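Chemist: Sequence first, predicted model second:
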Amino acid sequence: MIKTMVVLDTNVVYAGLYSSSGASHQILRAIERGKIKTVLSTALLFEYEYILKRYKTELRLSDRDIEKVLDNFCRLSEHQKIYFLWRPYLVDPEDDHILEVAVASETKTIVTHNVKDFKGVGKFGIRAIPPRKLLEEIK
């Protein structure tokens with residue numbers, strides 16, 4: 001089975017843990033089932049950790065629960081080192097590291113709820129799509 005390779009924006013991880021009824025949650029389940037392969041960098045993993053712990057009350061997760069989620073991401077993801085930086089490139093400079101992971105790993109898809117924040121990534125042969133679109137493509 002060929003797995004779809006993607007880089008997940010933090011907002012997709014948060015949304016998937018916040019609600020079990022949306023596309024983001026379905027993506028997290030597809031990752032567990034091996035239908036989707038994510039690519040991580042150290043910076044992106046730290047961002048996941050920061051946001052999940054910052055909003056742990058809203059997510060109804062303990063620190064231990066969050067560590068389990070992060071451990072699963074580490075186990076199920078491809079790890080990518082970043083050897084170059086060209087910041088800022090995107091409208092929101094805090095999203096540049098997500099683009100860097102995609103470029104360095106040659107991943108063609110970034111999954112995000114903020115597609116507009118990734119305007120111009122087509123220059124790198126990358127597209128930014130919402131979670132629902134990814135689900136349509138893997139079905």
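Modeler: Everything's here; your move. Numbering: from 1, shown residues only.

Chemist: So which residues of this structure form helices?
Modeler: 10-18, 23-32, 42-54, 56-59, 63-76, 96-105, 131-138 (DSSP state H).

Chemist: Now render the ones you listed as a markdown table, adding mean pLDDT.
Modeler: Formatted as a markdown table, the helices of the chain follow (pLDDT from 0 to 100):
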| stretch | mean pLDDT |
| --- | --- |
| helix 10-18 | 98 |
| helix 23-32 | 96 |
| helix 42-54 | 97 |
| helix 56-59 | 97 |
| helix 63-76 | 97 |
| helix 96-105 | 94 |
| helix 131-138 | 95 |
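
Chemist: To H113, which of these lies closest?
Modeler: Across the helices of the chain, the minimum distance to H113, taken as Cβ to Cβ, is reached by helix 10-18, at 4.6 Å. Yep, even glycine has a C-beta here, placed from its N, CA and C like the rest.

Chemist: Run the chain-centre distance for that closest one.
Modeler: Put simply, helix 10-18 sits 9 Å off its chain's centre (Cα atoms, centre = their mean, to the nearest Å).

Chemist: and it with helix 23-32, angle?
Modeler: For the pair helix 10-18 and helix 23-32, the angle between their directions (axes from the mean of the first three to the mean of the last three Cα atoms, to 10 degrees) equals 90 degrees.

Chemist: what's the angle between helix 10-18 and helix 96-105?
Modeler: Relative orientation of helix 10-18 with respect to helix 96-105: 100 degrees, computed using the same axes, to 10 degrees.

Chemist: Count the neighbours of the closest residue to L85 other than its chain neighbours for me.
Modeler: Leaving aside its chain neighbours, L85 sits nearest to E100 (6.6 Å; criterion: Cβ to Cβ, 6 or more residues apart in numbering). Using other Cβ atoms under 10 Å, E100 is surrounded by 23 other residues.

Chemist: No further questions, thank you.
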